[in-house]
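*Asks:* Got a predicted structure plus its sequence, pasted below:
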Amino acid sequence: MTISYARVRTEHASRYLVQLSKHWSHKFPELAYDQTHADIPLPGAPCFLDAATGHLDIRITTGTEADAGRFEQVVADHLKRFAFKEDLTFEWTRSEA
């Protein structure tokens, strides 16, 4: 198992968490979220988001390194679309579980 983690600096962490959750709730009815936390059941890659003052933490668990890169890109691309007024930076770190 590979765990990907990123802390994204933004003053709009909660807004982006909710937007992404609402966007994907149509595809994943078991998705659960509130203003500060989201559990997004991406197929084969559970994704957890936590919003705090000044940042959004993202954690994705995948089966392989190749899957990690793909899901990192999917999550980052979606968040960048919601944050079109600011330039979000994603610096992913990975560890083995």
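*Replies:* Received the coordinates, thanks.

*Asks:* where do the helices sit along this structure?
*Replies:* 13-25, 65-82 (DSSP state H).

*Asks:* List the contacts of the residue positioned nearest the centre of the chain.
*Replies:* In the chain, the centroid-proximal residue (C-alpha atoms, centre = their mean) is I58; its distance is 4.5 Å. Neighbouring residues of I58 by C-beta atoms under 8 Å, 6 or more residues apart in numbering: 4-8, 47-49, 75, 90. Heads up, the C-betas are built off the backbone N, CA and C, glycines and all.

*Asks:* Distance to R81, neighbour count and pLDDT added to the residues you listed, as TSV?
*Replies:* Compiled in TSV, the contacts of I58 are given as follows (distance: C-beta to C-beta, whole Å; neighbours: other C-beta atoms under 10 Å; pLDDT from 0 to 100):
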residue	distance to R81	neighbour count	pLDDT
S4	19	23	98
Y5	21	15	98
A6	16	20	98
R7	20	17	98
V8	14	21	98
C47	16	23	98
F48	20	14	98
L49	15	25	98
V75	11	24	98
F90	13	17	97
